[in-house]
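**Student:** Here is my input, please return the structure:
(one chain, ligands or ions: 2)
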Amino acid sequence: MFFSESQTQEIRELLLKANTVVLVSHRNPDGDALGSTLGLKSIFDRHFSFKTQVIVPDERPDFLAYLPGFTEVLVFDKETQQATEAILNCDVLFCLDFNHPGRVGDMEDVLRARASLRPDSGIMIDHHQQPEAFITYIGSDTSASSTSEMVYTFSQMLGFESIPTKETAMCLYTGIMTDTGSFRFSATSPATHRIAANLLASGLEHWKIHEHLFNQNKLSKLQLWGEVFSRHLSQLQEFGVSYMVADGELLQRHHYEEGDLEGLVNFALSLKGTTMAAIFSERKGKIRISFRSVGTFSVNAFAREHFNGGGHENAAGGSFEGSIQEAVQHFLSILPSYKSQLKS
Ligand code: 5GP
Ligand code: MN
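**Tutor:** Ligands and ions are numbered 1, 2, ... in the order given. Have a look, this model is predicted:
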């Protein structure tokens with residue numbers, strides 16, 4: 001278990017005394033970030049009397065708007081003062097689905113301030129590698145499929161029912177499904193499926209979640225993907241590497257909206273013989289890269305070492321200072337030193 005019996009007891013006591021609890025997650029919040037925070041909020045709303053506020057650093061993708069509680073989430077970028085006060089003044093702070101304060105963008109200073117003032121009422125629940133111990137309770141399980149799976153386990157540790165409400169199930173199922181690529185990735189365990197079974201037993205209509213996540217495409221998004229496939233996808237067979245490039249001009253021309261590139265990199269990985277895939281994109285003038293791999297090649301290590309990033313063994317992200325062409329050049333220049341690892 002990611003918290004000991006005594007830690008769980010201490011956390012329970014913190015919660016019983018609390019009037020306000022804040023749950024924060026990472027920048028570019030995804031299905032697991034919002035699923036785990038909103039899922040934990042709905043568990044707390046059912047079992048405790050304190051008020052729970054979910055806060056994310058920047059805007060949520062529209063395709064997750066079906067999640068219960070989505071509209072009450074505070075966005076730090078837009079409601080900075082309110083969010084700052086909530087983080088600084090809350091009785092208990094939960095940090096979900098991120099491993100260090102560098103993952104929360106402009107919210108970092110506020111989070112660090114709160115953490116250093118009152119570390120002992122700060123709780124992390126996360127499945128990324130190498131968590132930073134910036135608060136007292138570090139619940140880390142790098143073998144967990146998702147933070148949403150850990151939130152389910154945490155609820156069990158607190159002694160709550162194994163079949164949650166439908167609202168809680170919608171949130172947690174979304175997080176588990178998105179982070180496992182629909183129960184596909186290697187972190188999907190027997191426990192993941194047992195938890196999913198208990199979520200389904202709530203009466204959750206899981207097919208509706210699939211509809212929300214996969215069948216709400218816009219024409220402009222599919223046309224953007226089409227152009228990336230036909231003109232900006234390269235395969236380097238000698239390295240077992242495939243990569244995509246989506247520059248600012250391309251994204252603008254296809255009316256890019258937050259989330260439109262989500263999942264695209266997996267198609268580069270699906271090319272036969274590919275060990276590592278990457279997508280370079282230029283958003284708001286910043287260069288972001290998403291990495292994916294199969295097998296033992298660690299894109300976490302690769303992103304940490306070369307692109308100021310990190311994540312998991314098989315899914316990681318990072319950034320680059322410079323132009324998108326320079327980012328690609330940098331990437332290409334370091335591949336030879338990984339050739340033996342990539343081709344093993
Ligand atoms: P994605 O490619 O979907 O944005 O991210 C894949 C995984 O890598 C996610 O688990 C995410 O949390 C992590 N990740 C993405 N970008 C960064 C980054 O800049 N730094 C770190 N440490 N992790 C990242
Ligand atoms: Mn996650």
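**Student:** Could you list the residues of the stretch 151-300 of the chain in contact with ligand 2?
**Tutor:** Proximity of the stretch 151-300 of the chain to ligand 2 is confined to D179 under the rule CB under 5 Å from the ion. C-beta: built from backbone N, CA, C; applies to glycine.
**Student:** can you give me the strands for the stretch 151-300 of the chain?
**Tutor:** Secondary structure of the stretch 151-300 of the chain by DSSP state E, counting those that start in this stretch: the strands cover 233-236, 241-246, 276-283, 286-293.
**Student:** domain parsing for the chain?
**Tutor:** Under the assignment automatic domain parsing, the domains of the chain span 5-213, 219-343.
**Student:** Rebuild those domains as a markdown table, extending it with mean pLDDT and mean neighbour count.
**Tutor:** Shown next, in a markdown table, are the domains of the chain (pLDDT from 0 to 100; neighbours: other CB atoms under 10 Å):
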| stretch | mean pLDDT | mean neighbour count |
| --- | --- | --- |
| domain 5-213 | 97 | 19 |
| domain 219-343 | 96 | 17 |
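**Student:** now the strands of the stretch 151-300 of the chain as a markdown table including distance to P164?
**Tutor:** Shown next, in a markdown table, are the strands of the stretch 151-300 of the chain (distance: least, CB to CB, whole Å):
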| stretch | distance to P164 |
| --- | --- |
| strand 233-236 | 41 |
| strand 241-246 | 38 |
| strand 276-283 | 35 |
| strand 286-293 | 31 |
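**Student:** of all these, which lies closest to Y173?
**Tutor:** strand 286-293 (22.7 Å; CB to CB).
**Student:** In a helix, S143, correct?
**Tutor:** No - under DSSP: H, G, I helix; E, B strand; the rest coil, S143 falls outside any helix and is assigned coil.
**Student:** Just give the nearest non-adjacent residue to it, would you?
**Tutor:** Leaving aside its sequence neighbours, S143 sits nearest to A187 (CB to CB, 6 or more residues apart in numbering; 6.7 Å).
**Student:** can you give me the helices in the chain?
**Tutor:** Using DSSP state H, the helices of the chain run over 5-17, 31-47, 80-89, 108-117, 147-157, 166-179, 190-200, 206-214, 219-231, 248-253, 265-269, 299-306, 324-334, 339-343.
**Student:** Save those as CSV, and put in distance to Q237 too.
**Tutor:** Compiled in CSV, the helices of the chain are given as follows (distance: least, CB to CB, whole Å):
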stretch, distance to Q237
helix 5-17, 49
helix 31-47, 33
helix 80-89, 48
helix 108-117, 41
helix 147-157, 36
helix 166-179, 30
helix 190-200, 34
helix 206-214, 30
helix 219-231, 18
helix 248-253, 25
helix 265-269, 13
helix 299-306, 19
helix 324-334, 14
helix 339-343, 10
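**Student:** Tabulate these in CSV, adding columns for distance to ligand 1.
**Tutor:** CSV is the format used below for the helices of the chain (distance: least, CB to the nearest ligand atom, whole Å):
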stretch, distance to ligand 1
helix 5-17, 24
helix 31-47, 8
helix 80-89, 20
helix 108-117, 12
helix 147-157, 10
helix 166-179, 8
helix 190-200, 16
helix 206-214, 14
helix 219-231, 15
helix 248-253, 15
helix 265-269, 7
helix 299-306, 7
helix 324-334, 13
helix 339-343, 19
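**Student:** ok, the residue nearest to S143 - contacts?
**Tutor:** By CB atoms under 8 Å, 6 or more residues apart in numbering, the contact set of A187 is 127, 143-146, 179-180, 312.
**Student:** Just give me the closest of those to V104.
**Tutor:** Closest approach between these and V104, by CB to CB: H127, at 16.6 Å.
**Student:** Now the nearest residue to that closest one once chain neighbours are set aside, what are its backbone angles?
**Tutor:** Nearest residue to H127 in three dimensions, chain neighbours excluded: A144, at 4.2 Å (CB to CB, 6+ apart). Taking degrees, to the nearest 10, you get phi -70, psi 140 for the backbone angles of A144.
**Student:** which one of the contacts of A187 is nearest G259?
**Tutor:** Proximity of these to G259 was ranked by CB to CB; the top entry is D179 with 15.1 Å.
**Student:** who touches the residue at the greatest distance from the centre of the chain in this structure?
**Tutor:** When distances are taken from the C-alpha mean of the chain, E238 lies farthest, 31.6 Å away, according to CA atoms, centre = their mean. Residues in contact with E238, defined by CB under 8 Å, 6+ apart, are K339.
**Student:** next one: E59
**Tutor:** Each residue near E59 by CB under 8 Å, 6+ apart is listed here: 75, 77-78, 258.
**Student:** Ok, S42 next?
**Tutor:** 68-69, 164-165, 167-168, 171.
**Student:** likewise E108?
**Tutor:** Applying CB under 8 Å, 6+ apart, we find E108 in contact with 101-102.
**Student:** The same query, at a cut-off of 6 Å, please.
**Tutor:** By CB atoms under 6 Å, 6 or more residues apart in numbering, the contact list for E108 reads P101.
**Student:** and what of Y137?
**Tutor:** Going by CB under 6 Å, 6+ apart, Y137 touches I123.
**Student:** Can you name the residues bridging to it?
**Tutor:** For Y137, the beta-bridge partners are I123 (DSSP bridges).
**Student:** Isn't L38 up against L64?
**Tutor:** No - applying CB atoms under 6 Å, one finds L38 not in contact with L64, separated by 9.0 Å.
**Student:** Restricted to strands, list the contacts of E59.
**Tutor:** Those of the contacts of E59 mapping onto strands are V75, per DSSP state E.
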